[in-house]
Every structure is written in C-alpha cells, then in structure tokens.
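S.K.: Got a predicted model here, sequence first, then my questions.
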Amino acid sequence: MRKLIAAAAMAAIALTGTASADEAADYPDRPVMMMVSYGAGGATDFQARIVTMTAGNEDALGMPIAILNKPGAGGRVGWNWFATQVDADGYTLAAYNVPHFIAQSIKGGVEYTTDSFEPIANWGADPAVFVVATDSPFNSMADVVAYAKENPGKLTFSGAGLFVGHHIAALQIEKAAGVKMAYIPTKGGGAAAMKAVIAGDVLGGVNNLSDAFRAREAGNIKILGVADLERSDFLPDVPTMKEQGLDVDNASVNFRGIMVPKGTPQGIIDKLAETVPVMFANARVKSKMEAGGSAIRIMNRDEVIEMWAARDKTLKELLAGL
Amino acid sequence: MEFLFYFGDVFTPVNFALLLVGTIGGLILGATPGLSPTMAVALLIPFTFKLEPAQGLILLGAAYTSTVAGGAVSAILLKIPGAPANIATTLDGHTMAQNGEGARALQLSFLASAIGGVFGVLLLIFLTPLLAQWALAFGPSHLFWLAILGVTVIGSLDSASVVKGLLSGCIGLWLATIGFDDIMGAQRFIFHPSLGGGINIIAALIGLFAIPQVITMFAKGRSGDGAEVIKVQKHSIRKAIAEIIRRPRALGIGTAIGSIIGLIPGVGGQIAGLVAYDQAKKFSPEYAKFGTGHSEGVIAAEAANNAMVGPSLVPLLTLSIPGSPTAAVLLGGLLIHGIFPGTDLFDNHPDVAWTFINSMLIGQILMCIFGLYVAGMAARIAQVPQSVMAAVVLGLAVFGSYSVQSSMGDVYVMASLGVMMYFLERFGFSAAPLVLGLILGPIAEANFIQGSMIASATDGLGPYFMTGTLNIVLIVLIAASVAYSAAMELRNRRTTSKEDLMI
Amino acid sequence: MSIRNLPRLQHIIASGLVAAVGLWVAWISYTQQPTEAFLFPRLISTVFVVLAFWTFAKALIGLTKVGAGLNAHTIGNLAPGLAVALIYIFWAARGLGFYTATTIAFFILLSLYDPAPHNALRSWLRRTIITAVFMAVMYGLFAKLLQVYTPREIFF
C-alpha cells in the first residue's frame, strides 16, 4: 500500500514537472476551502473549525480556511463529491474520519478508497465508548455481555449509523464476547444515538468519548468501557474493553484529520504536510479543543499513511463476513 | 425567578450593543434567501471566539431568534421562505403583500413572532425540567406517528383538490428519498450526479416557491397585461396591535403548537409553522379565507415558529443533546468556551446561562420594535415593477441556493424543481403539500426503520407501534385529522357552485 | 381542435406525465436492491401510482376542476424569459463565471420585460443603473459579507 502511494506520488511529480515547484512556492495565494462531510454543529465540524482557526496566521498557511459542510449518508455524500468533483489544486481540502470512509469503501457503493486521497495530517482521536442510562442495571461490560448471553439478539444499543466508528466498535464487541446483540443505527449522528440512550429507547449505546464525557458531566449516562488500547485522560476511571476481558483494539477510534484528493501536486502536499501539523500544535487550538472535551492527537503525513494502511487491513478482516 | 437577578447583565453597554448587532444582523441574514437560521448562527461562531462566553452567547441567541423572524420578511415580500419554518407564512403573507398589504402582514408577523417568542422563552425559564421530560418522551414510534400526523395535513393544505394535494405530497415524499439512504447507505434514484447528496431542503424551498413566481411574472409579458401598479397601503402599528388582540385564537393556537411541537428533538422546528397554520385554519370560522391573504394565517404561522425557539433549546440546555441543527451549532459556541450544557451550565456558570436566556427575551422585543419600524418601508418592495422583480428574485434564488453549500448541483436542483412546479401549478398541484412531503419523508422513514429494528429485537412491531398512551393519542389525532379533512371535502363539494367548476 | 378542448387535452397530458413518473418510481422501487433501503419508496410509490392514475382518469373523463392550464399567449410571453433563465442557470453561471453571467442575464431579462420603450436612451440608462445596483448589492452581500466561494474567479 505504501509503495503504491509512493509510486503514485512519483508519477505525480513526473507529470507536473518543474511547474509544480513554482506553484508550491506561491501556494496558497487565495483562501482555501475545507469540506467536512458532516453537518454544522457535529463533533467533526466543531473540531474542524477550531483546528483551522489559525490558518490565516503567518506561521501557518497565511490564508484562512473556510469550512464547507456536505452532510449525508454517514459522510458518503461529501467524500464522493471530494473524490470525483474537486480540482486537485490544493485549494480544496477535506476532513477525513477513519475508520468511517475506509469501512464504507470496503463495503462498496461509493466512489472512493484509501487510494483516492492523500493524507496531510491528523489532528484528533476520539475513541468509541459504551454508554448506558444512569438508571440502567448494567454497571460493567460484564453485565452487558451476561444480559446479551441470556437474551440473544434482544439487547438493543444505538450508534451513529452503519459502517462508521460506532458500528465497527459494536461489531468488535459482539465478536469478542461471542454474543448477538441488536445494533440500532440512528439517523442524525451521535447526538441522536445519545438521545436514544438517555430517553430509554434502547438499552445501551456506542458513542463518541467526547460527547459521552459531556453527557456524563450532565448526569445523564454511565460510561462502561472505552474501545481503545489505553484509558483516556478525560476518563481515567473508565476501564478499556481489554481490561474487562473483551478483545477489542483501537480499530474503531475515530481519527480526524485533513486530506487532499489524489493528483494534487507533490510540492503542495509537501508544503501542507509540513505546515498543517504545526498549525494543529498551536496553543490556542489546544486550549479550545480541550475546553470542548476533545483529545488532540497530532500525527504527521507518514504516520497517517501507515495508520490508514493498518486500518484498511483490520477492517477488511472484520467486515469480510458481512 | 433566578433569571431576574441576571437581567442587569443584558443591559451593560457592550452586551446591549452585541444584542443590537445580533438582532439587526440576524434580521438581515434571515431575510437573505438561502441562509437558514442554522447557517446564520454558524457564520457568527468565529466572531464569538474573541468574546467572553456570555457575550458570545448573547450574539448567538439574538441572532437565532431574529433570523427565524427575518425569514418571514423574504417569505412575505418575495415568496422565498428563509427556512422550513417560514413556509406557512408565504401562503397568506405573500398574498397580502401582493394586495398591497405588505406592511400589515409584516407588522402582524413581527408582533406574532414577538408574542410567541416571549412565551416560548418564558416556558424555557419556568418549565425546563418538565419540558425536558416531554422532549425525551418521544421515541421512534411516536416520531413516526407524528410525521404521519403531518402527512394527514397535506391534503387540506393550500390545495383546491384533496387528491391533487395528496399527490403533490407523494411527489414530495418521493423527492425526499432521492440520494443516499441514510441508514443503509444505498443509492436511490440518483439519475443525475447533482442528486448525489439528495435534495437540499433550502434549495428546494427556494426553487419550489420563488421560481414559479418568476415564471408567472414572465408570463404576464412585456407590455404588462397586469401592469396595474400595486398601491401599498400604509398601516399603522396601533392598528396592527389592535388586530393581533382581536385574533387571540390564531395567536393562541400558533403559540401553543409552536411551543409543544418545537420541543420535540429533530422534528419540531420544521413543521411547527405548517401544523399551526393548518390547525388555525381548521378552528377558524373564516376557513375559506385562508390562502387568500387572511391575517390569521400569518399570525398562527409566525407565532408558532418563534414560540419554538425557546423550547427547542431545552434538550440542549438540560440534557446536553442538541434537538435541532441550530442547537447543535449553539452547542459548539458553548464548548469553545469550555462550558458544558447541562447541570454544569446552571450550577457553575449561571451568569452565562441566564444572560443568554434573558438576551433571547430582550432580543424578541428588540426584533419586534426594529421590525415594526422597517415594515412600512420594506413593504414598498411590492411596488417594484414586475420586470425588475422577476430578475431580482431569479438572481437571489441562484445565489441563495448556491450559497447553502457552495454547490452548483443545488442550483440545478433548485431550477429544475422550480420549472417543474410552475407547470404543475398550472394544472392544480401546489407547492406547500409537496414541501411538507419533502420534510416529513425522511423523519417518517428513519423513525419507522429505527423503530422496526428496535421492535423486532424486543416485543414485535404491533405492540411497539400501537401500544402506550402517547402512541394511542397520536393515532387518535391522526384519525380525527383525516375525518375532519374528509368532512370538509364533502361540505365543500356540496357548496361548490357552477362558476367554480369552470375555473 | 377547438380552444375549448385545449385545457382538457393539456390536463390529460400533464396528469399522464405525472402518472408515468409514478410508474417509473414504482418500477425502480420494486426492482432495486437492497430491499430494506427500498421499503419506504415502495410504500410511497404505491400510493403515488394510485393517486396519479385517479387524477389521470379524472382528466380523461374531463372532470378536472382545478388548474387553468396554459394558452398560447402565456407561453409566448414566458418562453424568452424562461430560455434566458435556463441558459443562465445551466450553462452561463459556470461557463462565464457567476457574477458576469448574473449581470448579463439580469440585464437581458430587464430589457425583455421592462415596459419602458426600447428606443429611448433614458430607459436603457435606467436599466443599466438598476443592474449595476443589484450586482453591487449581491457582490457585497454574498462575496464580501458571507464569503461565498463562487465556482470560478469572481468576475470571470
């Protein structure tokens, strides 16, 4: 996979030749647009607005980044648009959500794969957590698994759709515990899934750590487990799935970052890959992100390429039976 | 009574200035076609980065309330509803403006908005814990029945023929299924690449309402077959206030329905105006006057859509769940300052919470004063010659639909729907039921699918959808609504004269 | 065909077209996979087809009561404006750039439908001024205030 991307990059350099060098030197000479494939107000949109707010500074791009929302069908609408209709000139960026777009590309019916995009940098990681309402009898993942074993297929739990991080976590939990539960995808993202848990429409749910943290502060839910390799700094008291005996890794962690379409001149990719992580590391960005309960995880281009490839492999195995 | 304690904070010079900026700016943004309240609030978020939390929220709260009311301006004067909330306002409001009563329509709409809005915010202040329970009471099965209740309104809404009204509604329901299906991710009816993202509701609204009107103006020709200049009648504010007081039924129905339905997460804001309009019509002795520039229509619709503003924030402020897209954007505005809605907000930042709520209260009144002040002037737009108006509305429609998500595809969809609607209207179909179908389709479908998934995992479809008090109440309401429509249809048939048949 | 029959024939054609769309929707809904995703479209399209054929039948018998149809005069009046609007939206806005296309389309529409005489300099001047003012407002509102990114560079 990495070889393939490298080869494509070489080809891009060869094609654009020396012209790309000049292009990259001037880049960007006008404001840049960044597509977010979820609606205004969602977690991805909110974080995208924060991490790009300093783009106009001289030490970053020197030009502002405007957010463009293209929501629909769990992100498919936006990423399809980005893969097929955007000029690869570096003036249109997009936010990616891993594992969402990778899972969707494996499932099919969309016009993109990991090869359609070039990652620039990663800004955050939001693990999935298992939540139940405050008055729920479940107090640990063991209780959940025990109930699911007694009532196969009857434990309803919500999540933000099919083939998104929440669904991956749900599949991993079911597989690890060897039980069958009823995953209920909601329309309207994590907020709708959370509402279903609090209102008692479902018995439990998978949700974003950042949203769950907030809902717990408000006294509405209990958080039973984190689907990540380590505990979160925001929730030091909540054990991981692994600690509770469920073999669930970090495949469902929602990584968010910036990418450009394949075919973007290498000079521009390099320039972005160099400046964007610095932009993410800005102290103001960090304080605003943490204020909102979202963890920052900055990864550079090479690390993201590796992460995408690893995720692609894990998800292909996990989704093979579906 | 805690809120009174923080009233002073709204009136500090900086805060009050922000409130004024938010209100007036919100009215202008709301009146701009293509800018829904959600987008307007999202556009203002970056400005709040530099402000104190309370100040930022004053700006956002004022902008939210006044964009909803501002949408009525373009709905009345240009027949372009600013947001789904303003659709019902076009039905009578625009007809009034065409009759030269634009000033009256605008004054009534601002007064009704302010009264409904203040009532809604007072509910938010006094009954929040109770309202939060109510907002949560609606599960998938209830939301499904609620959407169906909305569908039963379709047949009687602004359509001379019930069958054609229902057929228009069906076309709308079908249009809503175009694009990726939200849960399974399957592609449905995507016969042109512009439809990949489905039909954007704002672009559709602009197309379905504005474009037929532009073509109708073209159809009148150059010499101006209908060139009689519209006399814009002056209308004193005192008379408007007197009229509002004389219409307590429409005002009451609008306010009540707006506050009750506005509360329901994900559904309320979009249909509150239409349902209130329909109910006001059903309860009015002047039933037949609706749609011909009747003031009750404007009052009910506008009272409802502003009454919804306060209650729609209840799930956000108490449970930290954004109940509407605009609430989601406001959530972002809070999070940026490290404030979590919920108990944290009221316990640890009461100054922020109450200043925000108070600013919406004062904002409603400022919005009303400012609106009344410009209403007479704005109504003059009706005097603009048809030729200029047609070109202006076309330009605004194109820019407005493009700006929703910077997409040419939305402009194509807008224009195609608009041209189609013009020809359909010539044959007795109408836009309002079509739009209602477009709005309700996704709500009904998503909740049906979700409900049936839960049902099949638990106690089965029948018990899940048919038992429980709320389900039964909603089903009874649906039956009553259908029976009422049928009775009205029969009564109309008997009274329809020969002349009507010739039209 | 007499003028009296024109609306009736038009109603038959119009409702026939709607019924044809309904049939197409039903055909797709009942043949496409996956079934779960097309459950709701099936339900809608069934009702759609029933209502559409009811309307079509009524039009055939001549019972249609609402809708005045179109006449030659109306079509003659609206055709040039509609043509300009469609060329503007579907081609010029992208081909010429948003603001250029809007300026041209606006001015042409104004000239086509403005009752003021076409041979007087004054009325041409008036039209030019109206166009300029409108474009200035649009530019200020959308490009400057709302920072909407137009498909191509601002004026081209």
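M.R.: Looks like it came in fine. Residues are numbered from 1 along each chain as shown, chains lettered A, B, ... in the order given.

S.K.: what does chain A put close to chain C?
M.R.: A:31, A:33, A:66, A:68 (C-beta under 8 Å from any C-beta of the partner chain). Backbone N, C-alpha and C define where each C-beta goes, glycine included.

S.K.: SS state for the third one?
M.R.: Looking back up the chat, that one is A:Ala66. strand (DSSP: H, G, I helix; E, B strand; the rest coil).

S.K.: so how far is B:Ala280 from it?
M.R.: The spacing between A:Ala66 and B:Ala280, counted by C-beta to C-beta, to the nearest Å, is 42 Å.

S.K.: Please say which of the two ends up with more neighbours.
M.R.: In this view A:Ala66 and B:Ala280 are compared by other C-beta atoms under 10 Å in any protein chain shown, and B:Ala280 has more residues nearby, 29 against 16.

S.K.: Confirm for me that the more buried one is in contact with B:Ile253.
M.R.: Yes. Judged on C-beta atoms under 8 Å, B:Ala280 makes contact with B:Ile253 at a distance of 4.7 Å.

S.K.: close to chain A, is the helix or strand of chain C with the lowest mean pLDDT?
M.R.: Taking mean pLDDT, DSSP states H and E as the measure, chain C has helix C:93-95 as its least confident helix or strand, at a mean of 80. No. Against chain A, helix C:93-95 shows no contacts by C-beta under 8 Å from any C-beta, the least distance being 12.2 Å.

S.K.: List the buried residues for that helix?
M.R.: Neighbour counts over helix C:93-95 (16 or more other C-beta atoms under 10 Å in any protein chain shown) mark C:93-94 as buried.

S.K.: Quick one: mean pLDDT for the helix or strand following it?
M.R.: Once the chain leaves helix C:93-95, the next helix or strand it forms, by DSSP states H and E, is helix C:98-113. On average, the pLDDT along helix C:98-113 is 90.

S.K.: Repeat that for stretch A:48-60.
M.R.: Averaging pLDDT along stretch A:48-60 yields 84.

S.K.: That one near chain B anywhere?
M.R.: Yes. Residues of stretch A:48-60 are located near chain B by C-beta under 8 Å from any C-beta, namely A:49-50, A:53.

S.K.: For those, please prepare TSV with the additional fields neighbour count and secondary structure.
M.R.: Listed next are the residues of stretch A:48-60 next to chain B as TSV, based on neighbours: other C-beta atoms under 10 Å in any protein chain shown; DSSP: H, G, I helix; E, B strand; the rest coil:
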residue	neighbour count	secondary structure
A:Arg49	22	helix
A:Ile50	27	helix
A:Met53	22	coil
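
S.K.: for these, which one is nearest B:Gly462?
M.R.: Nearest to B:Gly462 among the residues of stretch A:48-60 next to chain B is A:Arg49, at 45.8 Å by C-beta to C-beta.

S.K.: residues contacting that closest one?
M.R.: If a contact means C-beta atoms under 8 Å, 6 or more residues apart in numbering or on different chains, then A:Arg49 has A:67, B:45-46, B:332 as its contacts.

S.K.: go on, A:Ser232?
M.R.: A:127, A:209, A:226, A:238, A:295.

S.K.: Need the pLDDT of it.
M.R.: For A:Ser232, pLDDT reads 88.

S.K.: For the contacts of A:Ser232, work out which two are farthest apart.
M.R.: The widest separation within these (C-beta to C-beta) is 13.6 Å, between A:Val238 and A:Ala295.

S.K.: Okay, strands next: where are they in the chain?
M.R.: Unless you meant another one, I'm taking chain A. For chain A, the strands defined by DSSP state E cover A:32-36, A:65-69, A:92-98, A:117-126, A:128-133, A:156-159, A:182-185, A:204-208, A:221-226, A:254-261, A:296-299.

S.K.: that's the wrong chain, I wanted chain B
M.R.: B:179-180, B:187-188.

S.K.: out of those strands, deepest packed?
M.R.: strand B:179-180 (a mean of 24; mean count of other C-beta atoms under 10 Å in any protein chain shown).

S.K.: wait, does that one contact chain A?
M.R.: Yes. Legend: contact between strand B:179-180 and chain A by C-beta under 8 Å from any C-beta is shown at B:179-180.

S.K.: Strand partners (parallel or antiparallel) of that strand?
M.R.: Applying DSSP bridges to the sheet, strand B:179-180 is found paired with strand B:187-188 (antiparallel).

S.K.: what does the partner strand rub up against?
M.R.: By C-beta under 8 Å, 6+ apart, the residues outside strand B:187-188 that reach it are A:109, B:177-181, C:28, C:32, C:37-38, C:41.

S.K.: please redo it, this time with the cut-off set to 7 Å
M.R.: For strand B:187-188, the external contacting residues (C-beta atoms under 7 Å, 6 or more residues apart in numbering or on different chains) are A:109, B:177-181, C:37, C:41.

S.K.: Let me see the contact set for residue 248.
M.R.: Just going to use chain A. Contact analysis of A:Val248 by C-beta under 7 Å, 6+ apart lists A:172-173, A:176, A:227, A:241-242.

S.K.: could you do chain B instead?
M.R.: Contacts of B:Pro248 by C-beta under 7 Å, 6+ apart: none found.

S.K.: how much space between it and A:Ser252?
M.R.: For B:Pro248, the distance to A:Ser252 - C-beta to C-beta - is 55 Å.

S.K.: Distance check, B:His192 against chain C.
M.R.: Distance from B:His192 to chain C, counting by C-beta to the nearest C-beta, to the nearest Å: 12 Å.

S.K.: One more: B:Tyr6?
M.R.: Distance of B:Tyr6 to chain C, given as C-beta to the nearest C-beta: 32 Å.
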